[in-house]
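Chemist: When you get a sec, could you give me coordinates for this:
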Amino acid sequence: MTARHSSLFSIGDVVAFETNRRELTGTVEIIDYRGHESASFKGCDWSYDIFVEASPDFDGGPCLYKHIPECDVRPV
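Modeler: Sure, this is the predicted structure:
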């Protein structure tokens, strides 16, 4: 079994990621290890649930974006 690396981000980190429409900024709320499902997450071991306080995808309301692959997340 291959050793996995630690997640790059921690709960509470402010990060940026892109949706199909735009780049968003939010806070990491949940960190998931993808394990055997990593192939469906662009080969990333980790994914994040990221809370966006004012999401343009939901008329400026709050939204929790689920399972954002680590390779799609960057620090702000």
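
Chemist: the strands in the protein, which residues?
Modeler: Shown for the chain, the strands assigned by DSSP state E span residues 14-18, 23-33, 46-55, 61-69, 73-75.

Chemist: Output those strands in CSV; the columns should cover mean neighbour count.
Modeler: C-betas here are computed from N, CA, C, even on glycine. Output for the strands of the chain, formatted as CSV (neighbours: other Cβ atoms under 10 Å):
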stretch, mean neighbour count
strand 14-18, 15
strand 23-33, 16
strand 46-55, 19
strand 61-69, 15
strand 73-75, 15
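
Chemist: want to try JSON lines for those strands, with distance to residue 5 and mean pLDDT as columns?
Modeler: As requested, the strands of the chain are exported to JSON lines (distance: least, Cβ to Cβ, whole Å; pLDDT from 0 to 100):
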{"stretch": "strand 14-18", "distance to residue 5": "17", "mean pLDDT": "96"}
{"stretch": "strand 23-33", "distance to residue 5": "11", "mean pLDDT": "96"}
{"stretch": "strand 46-55", "distance to residue 5": "8", "mean pLDDT": "95"}
{"stretch": "strand 61-69", "distance to residue 5": "14", "mean pLDDT": "94"}
{"stretch": "strand 73-75", "distance to residue 5": "14", "mean pLDDT": "96"}
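
Chemist: List the residues that contact residue 64.
Modeler: 29, 49-52 (Cβ atoms under 8 Å, 6 or more residues apart in numbering).

Chemist: Could you dump those residues into CSV and include distance to residue 75?
Modeler: Putting the contacts of residue 64 into CSV (distance: Cβ to Cβ, whole Å) gives the following:
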residue, distance to residue 75
29, 16
49, 17
50, 12
51, 16
52, 16
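
Chemist: Tell me the one among the residues you listed nearest to residue 16.
Modeler: For the contacts of residue 64, the residue nearest residue 16 by Cβ to Cβ is residue 50; the value is 9.2 Å.

Chemist: count of residues packed around residue 12?
Modeler: Counted with other Cβ atoms under 10 Å, the neighbours of residue 12 add up to 8.
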